[in-house]
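Novice: generate a structure from the sequence data that follows.
(2 chains, ligands or ions: 2)
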Amino acid sequence: MTDTRLRPLPRADRLLIGAAALLLAVLALAPVYASALVIDKLTQLGIYVLMAVMWNLLAGYAGLVSVGQQAFVGLGGYAMVRLVETGLGPFPALLVAPLLVAAVAWLLSSFVLRLRIGEFAIAMWVLAEVFRALVMTDPLVQGETGTSLVVLNAYDPQTRRLAIYWIALASAAAVLVAAYRLLSGRLGAESQAIRDDEEAAASVGVSTFRVKRVIFALAAGGCALAGTLWLASAITFQPRTGFGIQWTVFMLFMVLTGGLGTFLGPVVGAVFLIALQEIFGDFGAWYLFGIGAVAIGFALFLPRGLVGAWIDHSGREPLARRRVLDDACQTPPAP
Amino acid sequence: MQMTDPRPLLSGQGLSKTYGKLRAVDGVDIAVQPGEALGIVGPNGAGKTTLFGALAGAFPVSAGVIRLDGAPITTLPAHRRCALGIARTHQVPRPFLGMTVFENVQVAARAGGGLDDRASVARAAQILGATGLGDVANRPAGALGLLDRKRLEVARALATNPRILLLDEIGGGLTEAELEVLIALILDLKAQGMTVIWIEHILHALLKVIDRLICMAEGRVLAEGAPRAVMADAAVRAAYLGSDPE
Ligand SMILES: Nc1ncnc2c1ncn2[C@@H]1O[C@H](COP(=O)(O)OP(=O)(O)OP(=O)(O)O)[C@@H](O)[C@H]1O
Ligand SMILES: [Mg+2]
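Specialist: Ligands and ions are numbered 1, 2, ... in the order given. As a prediction, this is how the structure comes out:
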């Protein structure tokens, strides 16, 4: 039975991974050749990629449609503010806060994951509002006014900009690699099984609750990291913005236009959203109108998103993590 | 009327499952000994599939106790029962449509069988060969016809390395030759000590495999015992009247 082998990664996928590594190197050197404005945009892109990958994990892989992910973006920011207040450096706090938020999500999952799909979506939104209200009662936050991470002013603006950029870039890259590895392993297969048929998945031994719980906590941690990165670049934490629904709207937009349940969808969607914001950004209120119109256009004409449309067109999914049993190893069918 | 061994592998006592006013399963006692092959027949709507759902933990029962090796498992979720060795097939196949045939079986070998990646690949390949799915291993499960989907149900259940196999009408639609292959497979498993409960309308196939037969009707056990005796039972014949026993 040891003669069974899996076919190696297709050539196109290996090329894609090589290209991604090259792109990462080019982006890491961006401070050498790019203006401060471009660096800021790229930081924003990294944060968007983080959020989109997380929402895709939730909805695309675990079937958990949450309209309350801003709960974790906001909690991440708040946890960072609190950690800094206790004396932790802002950069360590930026990375520790998401761990705390993931732990909170782990505890929360015991009851939110027992809800049905529609109830879950709403419950998450309610939770986000509850967290925001609770955070606003903290004197440190000063209600609506918010608070500033003045410790960050100790760094000169350019150093801070680059540090945050590199952390955002590294985070986005790390999350993509981690998601790829996770999804090509047991968790990915199990979440796909759950998506296809939850009852059948349970009948072959998949602990559907465990799978959802792991993904839920990971997604919360990732969104919190997006929150701390955003706070580090914005410096001011305001509950209304930190816990704002716009985060989830962005996540939804990116994942749906990029391609729900595809590995590259959220990345493509994040680039797309940044591009749209550049184009419509100068049009004031028209910006939201433009984004909304694009979303409706996708729902009508490209419901599987850009990557989904590419898959339908080309017949193969890039980085699909398909396990292929090698021909040579197949036993002939019984007579 | 039936000798009951004190140590059944799997048993249900007073099992009931109601849907609103309908008693789909109504106070069923069932027990299967280690290594035994038990057949279940009964007209459509008798509650046979619902009984499997209850034993495998697809839903909570309305009443009754289920034991595995004497220990109650009535409230365990389905995936835990699978890990303990209860595997089922679905009468209407439920493949994971977004995966290939091989991936369907491998995920079962990993999750239910508790194997690591490498071992689960080997086991999946072996089972696909044994169930006649080797040629279609890398096809999307959604591309399979009904027969192969039924085979996939069996393959996936076997991949979880069960002690007891619950087979729900896997013979329907097969040609005689295919049926012979299936019977040989089940007899082979039985020879290796597998415990089997098989719901099947194709009696002559069932009779080649089973040691004992239960006939259900309207959620209850109508008759139980030696296969030929059960089929000769007047109440069984009456229950089948108008429906097709063969
Ligand atoms: N989920 C459900 N909700 C409502 N009623 C159900 C449900 N599942 C089964 N039933 C009903 O319970 C009864 C028993 O159904 P079941 O599928 O167990 O019968 P069966 O003996 O397997 O029949 P068949 O030989 O046709 O497979 C039927 O009347 C059926 O309509
Ligand atoms: Mg049935």
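
Novice: I'd assumed B:G14 was in a strand, is it?
Specialist: Yes. Under DSSP: H, G, I helix; E, B strand; the rest coil, B:G14 falls within a strand.

Novice: for the nearest residue to it once chain neighbours are set aside, give me the pLDDT.
Specialist: Residue nearest to B:G14 in three dimensions, not counting chain neighbours: B:G64, with 4.2 Å by CB to CB, 6 or more residues apart in numbering or on different chains. Using the backbone N, CA and C atoms, a C-beta is placed for each residue, glycine as well. B:G64 is assigned 96 on the pLDDT scale.

Novice: which strand or helix spans B:G64?
Specialist: Element membership for B:G64 (DSSP states H and E) is strand B:63-68.

Novice: can you give me phi and psi for the residue located most distally from the centre of chain B?
Specialist: Here chain B reaches farthest from its C-alpha mean at B:R118, the gap being 27.9 Å by CA atoms, centre = their mean. Torsion angles at B:R118 (phi, psi; degrees, to the nearest 10) stand at phi -60, psi -50.

Novice: end-to-end on stretch B:169-183?
Specialist: Its start and end residues considered, stretch B:169-183 measures 13 Å (CA to CA, to the nearest Å).

Novice: buried residues in that stretch?
Specialist: B:169-171, B:174, B:178-179, B:181-183 (16 or more other CB atoms under 10 Å in any protein chain shown).

Novice: rounded mean pLDDT for it, please.
Specialist: Stretch B:169-183 shows a mean pLDDT of 88.

Novice: same question for stretch B:134-146.
Specialist: 91.

Novice: just stretch B:191-203 next, same as before
Specialist: For stretch B:191-203, the per-residue pLDDT averages 94.

Novice: can you show me the strands along the chain?
Specialist: Just going to use chain A. A:147-148, A:236-237 (DSSP state E).

Novice: you answered for a different chain; I wanted chain B.
Specialist: So, for chain B - with DSSP E - the strands run B:10-19, B:22-32, B:37-41, B:63-68, B:71-72, B:86-88, B:164-168, B:195-199, B:212-217, B:220-225.

Novice: interface residues of chain B facing ligand 2?
Specialist: Residues of chain B lying near ligand 2 by CB under 5 Å from the ion: B:48-49, B:91.

Novice: format those as CSV; extra columns: pLDDT and neighbour count.
Specialist: Shown next, in CSV, are the residues of chain B next to ligand 2 (pLDDT from 0 to 100; neighbours: other CB atoms under 10 Å in any protein chain shown):
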residue, pLDDT, neighbour count
B:K48, 96, 27
B:T49, 97, 21
B:Q91, 94, 17
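
Novice: in helices, which of those appear?
Specialist: Residues of the residues of chain B next to ligand 2 located in helices (DSSP state H): B:48-49.

Novice: for the residues of chain B next to ligand 2, which one is nearest ligand 2?
Specialist: Nearest to ligand 2 among these is B:T49, at 3.1 Å by CB to the ion.

Novice: give me the nearest residue to that closest one, chain neighbours excluded.
Specialist: B:Q91 is the one closest to B:T49 (CB to CB, 6+ apart), at 5.2 Å.

Novice: tell me who's in contact with that neighbour.
Specialist: B:49, B:168-169, B:199 (CB atoms under 8 Å, 6 or more residues apart in numbering or on different chains).

Novice: need the max-distance pair from the residues you listed.
Specialist: Distance extremes for the contacts of B:Q91: the farthest pair is B:T49 and B:E169 at 8.2 Å, using CB to CB.

Novice: give the residues shared as contacts by these two.
Specialist: Listed as contacting both B:T49 and B:E169 by CB under 8 Å, 6+ apart are B:91, B:199.

Novice: can you count the residues close to A:R14?
Specialist: Applying other CB atoms under 10 Å in any protein chain shown, we find 11 residues neighbouring A:R14.

Novice: check the closest residue in space to B:R149 that isn't next to it in sequence and give its pLDDT.
Specialist: Counting by CB to CB, 6+ apart, B:R149 lies nearest to B:P93, which is 3.7 Å off, once chain neighbours are set aside. Reported pLDDT at B:P93 in the predicted model: 94.

Novice: burial of B:P93, as a residue count?
Specialist: By other CB under 10 Å, 21 other residues sit near B:P93.

Novice: pretty sure it contacts B:L147?
Specialist: No. Using CB atoms under 8 Å, B:P93 makes no contact with B:L147, being 9.7 Å away.

Novice: list the contacts of the closest residue to A:A201 other than its chain neighbours.
Specialist: Among residues not flanking A:A201 along the chain, A:A193 sits closest, at 4.0 Å (CB to CB, 6+ apart). The contact partners of A:A193, taken as CB under 8 Å, 6+ apart, are A:200-201, A:204, A:206, B:96, B:99, B:107, B:111.
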